[in-house]
Structure formats: C-alpha cells, structure tokens
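>>> sequence? don't have it. structure:
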C-alpha cells in the first residue's frame, strides 16, 4: 500500500522542522542535565581528588597527612554518643599556604571521615570532642590556632592541625578515608571538589 500523496507532502513540508527537533530535543535534555550537575556541585562535595603520600595541591595550598592515632574515647567525651563503645581517630595534617590564599580562606576547610560502607563522620564533633581537643592544645582549624599557643598559617611555611573523629569502636581503620573539604560553591576551577587521603593503620 503506497503512502497517500498528502502524507508525503506533509513530511516534505515539515522535514526541516523534524530534523531540527531531532537535534534540539537531545540538546535541550543535555543542557538541562549539565545545569543540574553544576547546581549539585555548588551544594555538595562530589568530585574526589585522590591524595598521594607526599604533598598535594588543593585550593591554593599544599597538603599532606602526617600521621594517624587511635584512642579509646573516655566516658565524658562520648557521653552524648549513640554507641556504647567509641574510639577517637586523630588525623594530623600539615598545610603550606600559597601566596594567594589567606588564613580566613584556610579556616573554611572542614574534615570528614568516610568508611567502606560510605558512612561519614564530621571532624571535631560533637562539642565534647572540641573540648577534649582544647584541653590537649590541639589546633582544629586549617589556618589558625588559639589553643596551645596562638598561631596562624604563613605562606610558604608548614602549618600543623588535627582533625579528631568520634566513631564506633568497631570501625575498621583499613576501610577509612579522611577528606579535606571546602564549601562546595567556593572550590576552583571546579565546584564541589574535595581532597581524599587513604589512612594508614593508626598508632594506638
């Protein structure tokens, strides 16, 4: 059965529009996807930068993991914690600021600990952990310190700081990764990046 003449005419008359639609519809979908991804990047740290064992460039500074320690959490430190047995994981870092990054910018950095099941813990929280750190003179911010002797990071010189995590005692150290995270909408050249370190076995 042959196509009707009016059907053939319609296809010929609209072939330009049909060809354009075949191109523009997927393009519109792609552009929408790109916009959504960029929006997510401004809200969440989603793009991993894998750290090496040496110095690592990230956000205008150089970073390295110095050491990891593990301690049993004292009853007072873990008083508000949901797990009856808890441990403290202390992750020691050094950062060398570049000339273009200042202390205020460095102090925006946060710490995050992630295990093999993608569970995550925030550094220096809850408040009792911060109090425990202050008692021991441990600096928790990435660019300045007010306990254990006031100090600020200086361009070109190593500055030490520590992130402490309160975790369940049965968390396996071999499964842990420690992240340095800045507000996702501030990272450059790509939004939502973070620096991830694999943790060595901690000293007790």
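Thanks, I have it. Treat the numbers as computed from the prediction; the structure is a model and nothing was measured.
>>> for residue 93, name its beta-bridge partners.
residue 65, residue 161 (DSSP bridges).
>>> wait, residue 98 touches residue 63, no?
No - contact criterion Cβ atoms under 8 Å: residue 98 and residue 63 do not qualify, at 11.2 Å. From N, CA and C alone the C-beta is placed, and that goes for glycine too.
>>> more neighbours, these two?
Per other Cβ atoms under 10 Å, whichever of residue 98 and residue 63 has more neighbours is residue 63, with 20 against 12.
>>> buried ones in the strand or helix carrying that one?
In this structure, residue 63 sits in strand 61-72 according to DSSP states H and E. The neighbour-count check on strand 61-72 (16 or more other Cβ atoms under 10 Å) flags 61, 62, 63, 64, 65, 68, 70 as buried.
>>> what mean pLDDT does that strand have?
Mean pLDDT, computed over strand 61-72, is 94.
>>> and it, how far from the chain's centre?
A distance of 16 Å separates the centroid of the chain from that of strand 61-72, by Cα atoms, centre = their mean, to the nearest Å.
>>> what does it rub up against?
51, 54-56, 86-98, 101, 106, 160, 169, 173, 178, 180, 195, 197, 199-204 (Cβ atoms under 8 Å, 6 or more residues apart in numbering).
>>> what's the answer for stretch 149-157, then?
95-99, 101, 103, 106, 137, 139, 142-145, 159.
>>> so how far is residue 125 from residue 102?
25 Å (Cβ to Cβ, to the nearest Å).
>>> again but with residue 170, I slipped
20 Å.
>>> quick one, which of these two is more surrounded?
The residue with more neighbours, out of residue 170 and residue 125, is residue 125; 14 against 9, by other Cβ under 10 Å.
>>> spit out the contact partners of the more buried one.
With Cβ under 8 Å, 6+ apart, residue 125 has these contacts: residue 166.
>>> could you report the distance from it to residue 184?
Counting by Cβ to Cβ, the gap from residue 125 to residue 184 is 19 Å.
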